[in-house]
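Colleague: Whatever this is, show me its structure:
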Amino acid sequence: MEGERRVGVAVDFSPCSKKALTWAVENIVRDGDQLILINVQPGGYFEGTEIQLWEATGSPLIPLTEFSDPAIMKKYGMRPDAEILDILNTVARQKEIVVVTKIFWGDPREKICEAIEKIPLSCLIIGNRGLGKIKRVLLGSVSNYVVNSAVCPVTVVKTNHED
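Modeller: As a prediction, the model looks like this:
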């Protein structure tokens with residue numbers, strides 16, 4: 001793995017995470033990189049025993065072919081967005097990169113920082129929802145927490161309300 005970059009992108013299928021993924025693909029990802037999507041699902045009741053086992057460590061790395069299969073992703077409780085799948089398949093072909101996804105369950109702030117250390121990532125790109133000051137204080141900002149806690153460079157891609 002010497003010299004191989006692992007570029008992480010936090011993805012929750014919101015418009016701001018799509019923008020962060022697009023920005024990463026256009027500006028950061030280079031030929032031969034490994035693109036790792038980090039997705040955090042809410043914790044709570046789990047139907048599958050596999051998910052109960054993965055709650056502490058996250059899912060195994062899921063290759064793009066499996067991530068594109070709705071039947072496989074259903075067992076993870078996810079429905080990937082068609083636009084994101086199109087972006088990923090295109091960049092995987094054009095830049096000859098490996099695309100994988102890792103799913104965590106719990107608090108996004110903590111789990112994204114955990115992913116950075118455990119995978120480990122060379123850098124992380126994350127979207128910013130653009131919460132106002134009051135909402136940010138009440139709800140907290142995932143991107144702000146990650147920027148201040150991560151052990152790798154973090155780029156925050158801001159979302160304009162016009163987008």
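Colleague: And the pLDDT for E2?
Modeller: For E2, the model assigns a pLDDT of 44.
Colleague: which ones are touching I28?
Modeller: 7, 123, 125, 155 (CB atoms under 8 Å, 6 or more residues apart in numbering). C-betas here are computed from N, CA, C, even on glycine.
Colleague: In strands, which of these appear?
Modeller: If you go by DSSP state E, these have 7, 123, 125, 155 in strands.
Colleague: and the closest residue to T57 other than its chain neighbours, how many residues sit next to it?
Modeller: The shortest distance from T57 to any non-neighbouring residue, by CB to CB, 6 or more residues apart in numbering, is to K118 (7.7 Å). The tally of other residues near K118 (other CB atoms under 10 Å) stands at 13.
Colleague: Please tell me how far K118 sits from R5.
Modeller: Going from K118 to R5 by CB to CB, to the nearest Å gives 17 Å.
Colleague: Please apply the same query to Q34.
Modeller: From Q34 across to R5, the span is 7 Å (CB to CB).
Colleague: I116: which element?
Modeller: helix 108-118 (DSSP states H and E).
Colleague: In that helix, which residues have enough neighbours to count as buried?
Modeller: 108-109, 111-116 (16 or more other CB atoms under 10 Å).
Colleague: can you map out the helices along this structure?
Modeller: Secondary structure of the chain (DSSP state H): helices at 15-27, 49-54, 64-67, 70-74, 82-94, 108-118, 133-139, 142-149.
Colleague: which ones are touching S59?
Modeller: 76, 101-104.
Colleague: hang on, the earlier thing: against which helices or strands is the helix holding I116 packed?
Modeller: Helix 108-118 makes packing contacts with strand 6-10, strand 34-41, strand 98-105, strand 123-128, helix 142-149 when contacts are defined by 3 or more CB pairs under 8 Å, 6 or more residues apart in numbering; DSSP states H and E.
Colleague: Recalculate using a threshold of 7 Å.
Modeller: If you count contacts as 3 or more CB pairs under 7 Å, 6 or more residues apart in numbering; DSSP states H and E, helix 108-118 packs onto strand 6-10, strand 34-41, strand 98-105, helix 142-149.
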